[in-house]
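Novice: coords please:
(3 chains)
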Amino acid sequence: MARPYDVGPKDQVHPGNPVTVDRYTAGARINHWITAISLVLLALSGLSLFHPSLFFLSGLFGGGEATRAIHPWIGVVLFFSFLGLFFRFWRANLWKGEDGTWMARLSDVLRKREENLPEVGKYNAGQKLVFWLMSILIIILIASGLVIWDQYFSQYTTLGQKRAAVLIHSLAAIVIICVWIVHVYAAIWVRGTIRAMTKGSVTGGWAWRHHRKWLKELVTGKRDDQGSGARPAE
Amino acid sequence: MTNSWTDIKNTDLVIIMGGNAAEAHPCGFKWVTEAKANRGAKLIVVDPRFTRSASVADFYAPIRQGTDIAFLLGVINYCIQNDKVHWDYVKAFTNATYLVKDGFAYKDGLFTGYDESKREYDKSTWDYQIGEDGFVMVDDTLTNPRCVWNLLKEHVSVYTPEMVERICGTPKDKYLKVAEMVAETASPTKTMTSMYALGWTQHSKGSQNIRSMAMLQLILGNIGMRGGGMNALRGHSNIQGLTDIGLMSNLVPGYLTIPNQKEVDFATYMSTRGFKPLRPDQMSYWQNYKKFFVSFMKSMWGDAATPDNDFAYDWLPKLDVPTYDVLRAFELMHQGKMNGYICQGFNPLLSFPNRTKCTEALSNLKFLISMDPLETETARFWENHGQYNDVDSSKIQTEVIQLPSTCFAEDEGSLTNSGRWLQWHWAGGAPPGDARSDTWIMAQIWKRLKALYEKEGGPLPDPILKLRWPYANPDEPKADEIAREVNGYAVETVYDATDPTKVLVEKGKQVVSFAQLRDDGTTSCGCWIYSGCFNENGNNMARRDNSDPDDAGFYSKWSWSWPVNRRILYNRASADLNGQPWDPDRKVIAWDGAKWSGYDVPDIAPGAKPDVVGPFIMNPEGTARLFTRGMMKDGPFPAHYEPFESPIANPVAPNIRGNPASRVFQDDMAQFGDAEKFPYAATSYRLTEHFHFWTKHVQPNAVMQPEFFVEISEQLAAEKGIKSGGWVKVMSNRGEVKAKAVVTKRIKPLQCDGKTVHVVGVPLHWGFTGVAKKGFGPNSLTPFVGDANIETPEYKAFLVDIAPIAEPVS
Amino acid sequence: MYPPLPNPSVQPSAMQFGQEDLVRRSASSVPPPSRQQTEVAKLIDVSKCIGCKACQVACLEWNDMREEVGVNHGVYENPMDLTPSMFTLMRYTEWENAETGNLEWLIRKDGCMHCADPGCLKACPAPGAIVQYSNGIVDFVHENCIGCGYCVKGCPFNIPRISKVDFKAYKCTLCSDRVAVGQGPACAKSCPTQAIVFGPKEDMKKHAAERIEDLKSRGYANAGLYDPPGVGGTHVMYVLHHADKPEIYANLPKDPKISPVVELWKGLTKYAGLTAIASFIGIGFLHHVVSGANRVSDEDEKNAKRLTETQQGGR
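Specialist: Numbering: from 1, shown residues only, chains lettered A, B, ... in the order given. As a prediction, this is how the structure comes out:
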């Protein structure tokens, strides 16, 4: 039987009290945390060069010069690390019919009225948005970042292009930081989420409450997305 | 210079022609910018290339190289035709009114008396008609057809604006604009200064280029005036000093001449140097020749020069040819007749024409001594540097001795600038390594020669053995000792010539100036024109008072200028026949009824009456010469001759190649190229980023202009498929060079005699030593021929071909 | 002749301006200076310049810099562009004046303009790496420079260059070290034709006015001073024969301003960005306070258990 697109090959539901559900493999978690640390370091180092009031943050990296030197390299790490995440997660983040409904009912999400929301798979629309925004922004950041990485690439672009790049880079950085805040806040607000990235599993109740379709798929091993299949009950 | 650098600020019009002052004399050029600010002066540049000078000029006119005489005689013709002549000046101060011998004529490009086999003139008709009183006959009405003015008028009449355009390639309207601007300075209250340099001298008729302008300046009344004059911009900080001190094969210091072999004794020598006045009451200052000469001999041999031995006249070398100029020297080496060469501060391998011949000549030597602060190409001529010096070292047996010497910043002494100012300088640092001063090296050579003569004897040992050597440290004479010797001193007490009781100079004291020199051996003076530089007042060259009364531009208390601290030569000519300045706003000196005085030292006897004594005191006439008698080998008037290698035949004398009076060695005649094979007119020049071959040894200069290039027009580049920044090969009949191409709008093709003439510019600063990129010099291409009078090589006009090439493998 | 500055005394002299004269300091604020220095300016009279490059050499020598010996590129410029060691560069333009039919060889000495409103300083993120003194000199303080290259982007004249050796930004200092002891810049000192003069800005403007009058008398009707207001005026000014067309002088900008892109980056973006970030954090915080954590209930766990068991039972 074909495995649902958002279910991993080794993901299992473990009976117990509570039930636990495998959500991330060790590889995915390591990949995530490399990305996460890179992003945090990039944000800190980037912000130190972005606004004078935050220049003190460069002290974390050994001073302004070191910050200037290291930031682009961390960017490279992030890019490749995120590339790994992208290939792991992109299928599970494809937009589905229920995602529109979920988005339309965002106020219910924020008010914790889960009963009004459609059952969602491994990721809800918010998570998918974060995923895709991150993907797009990281491409923008790495591209604009290379343009302003003067140490190696200054000769390949014009001053006008560099100016545009530095503006784009900072705008994209602000957006990605905001997206990141949403991402982190959501993980904190929705209790029981963080263990997915620490232990690799969530409780069955968490899955039932937030990703019921995913849980059902895991439990039934049945995929539902190939066109004519029955729609889950709302 | 007749005037000085600082005086240029007094001018109304600067004409830069035969030079590129902004490029080659940027520091002196500041006085042009001063003139513009000071008097609203205009700047005209006439040059084959739109130069750096042209970039700041008010008017630029192109000209084909080697056609300046046609241009200038054209302007003289314009002035005569349009009555733009300073008549009072011309009539009183030039020989315009003098009558010329009947035999003299000019026809088909030749003056009377030409001998084609010798390439020489019999100049006997090139002279004045002398009256029964022994003076020149004159016609003050200027109506006699044999007077200089009428002969000149006829001589220049061929140089119409159309002919100028045809010869020079200068568009007629541009030429006429220049002529009009220049002619305006015929006004007594307007002056023009002529700034020229090697662009005029480095031609087979270089001297006549300069004479043409000098004649024009006389016609306009601009000689002797503030802001006027003929101002040669010397190409080296002390090249004026070199000529003054007589470092020429036919001179001794102060422009006195070395005897020739026909002048077997002193009396014979002096018989042609009497300089009897040619007009009544004239000073004819060269009448004092003997005083200067005898004083020089005393400085050389001291007590050994006595009246009994004609002041050691016999110890002077006697010339068997007119000169042993550089071209002749290398010709003799090439023939194997000269086999030793002491090269002091000179780089002939890159400086003399036809480099292939130079290399062969040096290879024939038994020994070559190079005294230089730098590693010159000449000292390394035997070393293989690939294409840049492709010699087979194993075939060269010349023993080369390099003697490192101090550079100007490492020793004390004076430098004579273009304006004749002797400026003392002090050592700024110690010389590196084994470098020793030139005086130390020369002293050692002399000491060793002396020892050899003492030990072994030999023919004529006296000039060496009895040389006066009065220095505190005989091993290294000091600059101030030499300066004092050059100034001169009283060997015996000198008395006033008119009042024998009056002591002028005590025995042993320095003379005040050359006015105190004597011809009886009681004075000694190394260089009469420098006398006064270091007298009992001290070292006048070291004076540093930059006061300038009334901003007149003289700066008379700054350093010292020859002669007798005079800043403008012929300054008597700045005043009219009443002794009053032609231009009251620009007084130099004036006559107060009894004597001359003013800002400058009068260039006339202080009591000489203005309506009697002429201003040009060095000429026996007392006037300046529009017609120069037999002084020049190639004619008493200038005439247009094409360069020896020219893209067109001479439009005024089609059958004459080059200057008919220029000396051409037999082998070199065969090496001239023609326009069919080498169609482009090339010229050589300096760039402001470099000084000659020195600064390629200096890192920052090398950065500023790193690599040899040639300049061509966009049109020629398109015709030949040459890209700017690409490589080209430039070929003449004597050699070839490889260079980067600079394609520029600043060079434009000229239309000459119905032909399109492309100009190729070849700058000269690269060689195979130093820190700049290795390269070639123009002398790989240039012909081995010089000026008829002084043998300055024809570097400014030669023929080449050019072709694009792939980047050479070095 | 504009009177040249006298030679320096051999006695040590007091500094004429220093840290207490700062009016701007990159990425930081400074107290208003206790005194106002006379504004200085370097006036480059392009119409007098002969392009000799003495200024370039003087600049290298005074600043103890060395360039590599390059090659000829078919032009007179060398090096081909400003570099971290070549703070000034003669740029040559062969311009055919369509009105007169004459060729003009326009030679402009390029280098830092010392803007009153310096884009480099505005862009610089490193506190104190770029400073502006009340006499108008904009100077780079290399120990504070982090080599980010933002100054390059901020500069409307494309002047600063980043060293490949120490990765710090370099440009003309207007010889602040010489000016501090009463001397003018080395380039002005070396200029043979006084095409470069240095002094109080007001005097320079007066001198320029005389020069412009002279140029107008010589037929340059559009001669004028280049002191672009878009950057608040500059402390390096040009006398141009064709002030109406500065772009013909090797692309001298006609109306230079700090690029709007840079203004946006260092203006609105800087503040809006931090506001946005703070807002997101704040909203998150508020949301949490208001709505509380989204916890999994026991019911959810039971449902999950039930679902699991059902399915396993069903198998």
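Novice: now do the residue of the stretch 451-600 of chain B found nearest chain A: how many residues are near it, please.
Specialist: Chain A sits closest to residue B:546 of the stretch 451-600 of chain B, with a gap of 47.5 Å, by Cβ to the nearest Cβ. For every residue, glycine as well, the C-beta is placed using N, CA and C. When neighbours are counted by other Cβ atoms under 10 Å in any protein chain shown, residue B:546 registers 10.
Novice: grab the nearest non-local neighbour of it.
Specialist: Excluding the flanking residues, the one nearest residue B:546 by Cβ to Cβ, 6 or more residues apart in numbering or on different chains is residue B:558, at 5.3 Å.
Novice: wouldn't that neighbour be in contact with residue B:421 here?
Specialist: Yes: if you go by Cβ atoms under 8 Å, residue B:558 and residue B:421 touch, sitting 7.5 Å apart.
Novice: before we move on, the earlier item: check which helix or strand covers the residue of the stretch 451-600 of chain B closest to chain A.
Specialist: Of the helices and strands defined by DSSP states H and E, none includes residue B:546.
Novice: try residue C:207
Specialist: Assigned by DSSP H and E, residue C:207 falls within helix C:201-217.
Novice: can you check the pLDDT for the residue of the stretch 451-600 of chain B closest to chain A?
Specialist: Note on residue B:546: pLDDT of 93.
Novice: related to what we said a few turns ago, who has more neighbours out of residue B:558 and residue B:421?
Specialist: Ranked by neighbour count (other Cβ under 10 Å), residue B:558 and residue B:421 place residue B:421 first, with 23 against 18.
Novice: what parts of the stretch 1-150 of chain B come near chain C?
Specialist: Contact residues, the stretch 1-150 of chain B versus chain C (Cβ under 8 Å from any Cβ of the partner chain): B:22-23, B:26-27, B:29-30, B:33-34, B:36-37, B:40, B:42, B:50, B:52-56, B:58, B:60.
Novice: could you tell me which of those count as buried?
Specialist: Neighbour-count burial (16 or more other Cβ atoms under 10 Å in any protein chain shown) applied to the residues of the stretch 1-150 of chain B next to chain C gives B:22-23, B:26, B:29-30, B:33-34, B:36-37, B:42, B:50, B:52-56, B:60.
Novice: ok, which stretches of the chain are strands?
Specialist: As the question left the chain open, I've gone with chain A. Shown for chain A, the strands assigned by DSSP state E span residues A:13-14, A:20-22, A:201-203.
Novice: that's the other chain; I wanted chain C
Specialist: For chain C, the strands defined by DSSP E occupy C:22-25, C:40-45, C:89-96, C:103-110, C:130-133, C:138-140, C:161-162, C:169-170, C:196-200, C:224-226, C:236-240.
Novice: please identify the most buried of those strands.
Specialist: strand C:40-45 (a mean of 28; mean count of other Cβ atoms under 10 Å in any protein chain shown).
Novice: and it with strand C:103-110, angle?
Specialist: 160 degrees (axes from the mean of the first three to the mean of the last three Cα atoms, to 10 degrees).
Novice: what about the residue of chain A found nearest chain B, how many neighbours?
Specialist: As assessed by Cβ to the nearest Cβ, chain B sits closest to residue A:155 within chain A, at 18.7 Å. Look at residue A:155: counted by other Cβ under 10 Å, it has 6 neighbours.
Novice: closest to residue B:402 out of the strands of chain C?
Specialist: When these are compared by Cβ to Cβ, strand C:89-96 sits nearest residue B:402, at 36.5 Å.
Novice: kindly calculate the angle that that closest one makes with strand C:103-110.
Specialist: Here the directions of strand C:89-96 and strand C:103-110 differ by 160 degrees (the same axes, to 10 degrees).
Novice: close to chain B, is strand C:89-96?
Specialist: Yes: part of strand C:89-96 sits near chain B under the criterion Cβ under 8 Å from any Cβ, namely C:94, C:96.
Novice: who are the packing partners of the top helix by length along chain A?
Specialist: When chain A is parsed with DSSP state H, its longest helix is helix A:159-189. With contacts taken as 3 or more Cβ pairs under 8 Å, 6 or more residues apart in numbering or on different chains; DSSP states H and E, helix A:159-189 sits against helix A:26-50, helix A:125-147, helix A:194-198, helix C:150-154, helix C:260-264, helix C:270-291.
Novice: so what touches the last one?
Specialist: Outside helix C:270-291, the residues within contact range by Cβ atoms under 8 Å, 6 or more residues apart in numbering or on different chains are A:50-51, A:53, A:110-112, A:170-171, A:173-174, A:177-178, A:181-182, A:185, A:188-189.
Novice: report the buried members of the residues you listed.
Specialist: Taking 16+ other Cβ under 10 Å as the criterion, what is buried in the contacts of helix C:270-291 is A:50-51, A:170-171, A:173-174, A:177-178, A:181-182, A:185, A:189.
Novice: mind putting these in JSON lines, pLDDT and distance to residue B:453 included?
Specialist: Shown next, in JSON lines, are the buried ones among the contacts of helix C:270-291 (pLDDT from 0 to 100; distance: Cβ to Cβ, whole Å):
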{"residue": "A:50", "pLDDT": "92", "distance to residue B:453": "88"}
{"residue": "A:51", "pLDDT": "92", "distance to residue B:453": "89"}
{"residue": "A:170", "pLDDT": "95", "distance to residue B:453": "88"}
{"residue": "A:171", "pLDDT": "95", "distance to residue B:453": "92"}
{"residue": "A:173", "pLDDT": "96", "distance to residue B:453": "90"}
{"residue": "A:174", "pLDDT": "96", "distance to residue B:453": "94"}
{"residue": "A:177", "pLDDT": "96", "distance to residue B:453": "96"}
{"residue": "A:178", "pLDDT": "96", "distance to residue B:453": "100"}
{"residue": "A:181", "pLDDT": "96", "distance to residue B:453": "102"}
{"residue": "A:182", "pLDDT": "95", "distance to residue B:453": "105"}
{"residue": "A:185", "pLDDT": "95", "distance to residue B:453": "107"}
{"residue": "A:189", "pLDDT": "94", "distance to residue B:453": "112"}
